[in-house]
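>>> sequence and computational prediction follow.
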Amino acid sequence: MRIIDDYFKKIQDIIAKSKIVASTNIEYIKVLDHEGYVRGTLTLIDGSELRLLEYTEISRGQPTVVRYRFQWQTAGGLIARWNNAPNHPEVETFPHHKHVKGEERPKPSRAKTLISILKEIEAEMV
């Protein structure tokens, strides 16, 4: 099995065990043996959606998320969006930041993975 396939399998297992995921529409795309990305949408048990893109490289057995965008939303709009697009240098955790519904400026945020986002959303929902 290729290195990135192991990482994809870990993500699939975590999604399958999640208490908040109702359904998935996820695509796993291998770029090289040690890198690839996950993209798609998770529909959560409250009807909200998590739209996601995570580009990951594996080096010495450790995954590093190079690029990510996670948008949690309802039919009424944005709840929160986490990303590392280098477009807010004023944020102390640049390039990592979080947009929150109703707030003009992005907030500081640590680097995120799909796994950490699911845990964060689950803590807010439960």
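Structure's in. What do you need?
>>> can you show me the helices along the protein?
Applying DSSP state H to the chain gives helices spanning 3-17, 114-125.
>>> quick one: closest of the ones you listed to residue 84.
In terms of C-beta to C-beta, the element of the helices of the chain nearest to residue 84 is helix 114-125, at 12.6 Å. Using the backbone N, CA and C atoms, a C-beta is placed for each residue, glycine as well.
>>> circling back to that earlier point, Throw the helices of the chain into a markdown table and include mean neighbour count and distance to residue 100, thanks.
Shown next, in a markdown table, are the helices of the chain (neighbours: other C-beta atoms under 10 Å; distance: least, C-beta to C-beta, whole Å):
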| stretch | mean neighbour count | distance to residue 100 |
| --- | --- | --- |
| helix 3-17 | 15 | 24 |
| helix 114-125 | 16 | 11 |
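>>> how about these in TSV, adding mean pLDDT and distance to residue 82?
Listed next are the helices of the chain as TSV, based on pLDDT from 0 to 100; distance: least, C-beta to C-beta, whole Å:
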stretch	mean pLDDT	distance to residue 82
helix 3-17	92	16
helix 114-125	92	6
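>>> out of these, flag the one nearest residue 43.
Across these, residue 43 has its closest neighbour in helix 3-17 (11.4 Å, C-beta to C-beta).
>>> show residues contacting that closest one.
Contacts to helix 3-17, defined as C-beta atoms under 8 Å, 6 or more residues apart in numbering, come from residues 21, 24, 26, 28, 30-36, 38, 42, 56, 58, 61, 63, 114-115, 118.
>>> what sits against residue 63?
Contact analysis of residue 63 by C-beta under 8 Å, 6+ apart lists 7, 56-57, 113.
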